[in-house]
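Novice: Following is a predicted model, sequence given first.
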Amino acid sequence: MPRVRDDEATRQRLSEAVFLTLADRGPTGLTLRAVAERAGCSTGLVLHTFRDKRELLLHARDVLHERTRVRSDALESDAADAATALRDVVFHALPSDSEKLAEARVWIGFLAAALSDPILAERHALHSRAFATRLVRLLEASGASDAVGARERASTLAAAVEGVSTLAAGDPERWPASRQRQALELVLEATTAVARPIA
């Protein structure tokens with residue numbers, strides 16, 4: 001049993017090292033050596049878990065997806081209704097604190113690497129679509145839109161979240177949490193407004 005716990009602890013340490021190295025150094029700085037240094041282990045141990053840089057990148061993106069999925073699931077579960085859940089999910093996707101700023105930097109770093117790698121691009125699209133699908137479901141459940149309109153509104157809302165996150169990750173001083181929220185409030189208000197028939 002101790003051996004199993006040791007192996008799991010090592011995997012967790014390496015996983016965190018991969019994630020934080022990408023957040024801090026970007027895709028060009030995500031190397032086996034850099035991960036080993038952060039994890040306090042040999043490059044051989046890193047190679048035992050990750051064959052190459054692509055696997056490092058894929059792992060970081062999967063960790064990001066799982067973190068945001070678990071957080072969003074919890075927010076939905078705790079929300080009083082679908083409209084509240086929608087607001088909570090989109091606002092908690094913004095890089096409004098140091099942990100979520102690291103997540104935004106991982107997202108941007110992975111996307112940069114994915115531009116020249118179809119396998120990375122496919123994974124990125126898969127996870128990004130999962131977020132949009134959640135928004136569609138919440139928009140429909142909140143009564144803000146029908147099925148067709150919800151897809152368009154969800155795309156707009158997801159684009160706003162990603163845009164604000166990118167701006168905040170690149171210039172956090174100019175884009176503090178209050179400004180991020182203010183910008184998203186405008187988009188959220190527009191995307192959740194219920195269209196009224198013209199009399």
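Specialist: Cool, the structure landed.

Novice: Output the below-cut-off pLDDT ranges for this protein.
Specialist: Scanning the chain for pLDDT under 70 picks out 1-6, 145, 194-199.

Novice: all helices in it, in order from the N-terminus.
Specialist: Using DSSP state H, the helices of the chain run over 2-29, 32-39, 43-49, 53-78, 82-92, 98-114, 118-142, 147-170, 177-192.

Novice: Now do the buried residues in the fifth one.
Specialist: By neighbour count with 16 or more other Cβ atoms under 10 Å, helix 82-92 contains the buried residues 82-83, 85-91. (Glycine included, C-beta is placed from N, CA and C.)

Novice: Mind picking the one among those residues that's closest to Ala9?
Specialist: Taking Cβ to Cβ as the measure, Ala9 lies nearest Val89 of these, at 31.6 Å.

Novice: Kindly provide the distance from the closest one to Arg174.
Specialist: For Val89, the distance to Arg174 equals 25 Å [Cβ to Cβ, to the nearest Å].

Novice: With Ala160 instead?
Specialist: To Arg174, Ala160 is 17 Å away according to Cβ to Cβ.

Novice: between those two, which one's more packed in?
Specialist: Neighbours were counted for Ala160 and for Arg174 using other Cβ atoms under 10 Å; Ala160 has more, 19 against 9.

Novice: Pretty sure that one sits against Glu189.
Specialist: No - using Cβ atoms under 8 Å, Ala160 is not in contact with Glu189, being 11.2 Å away.
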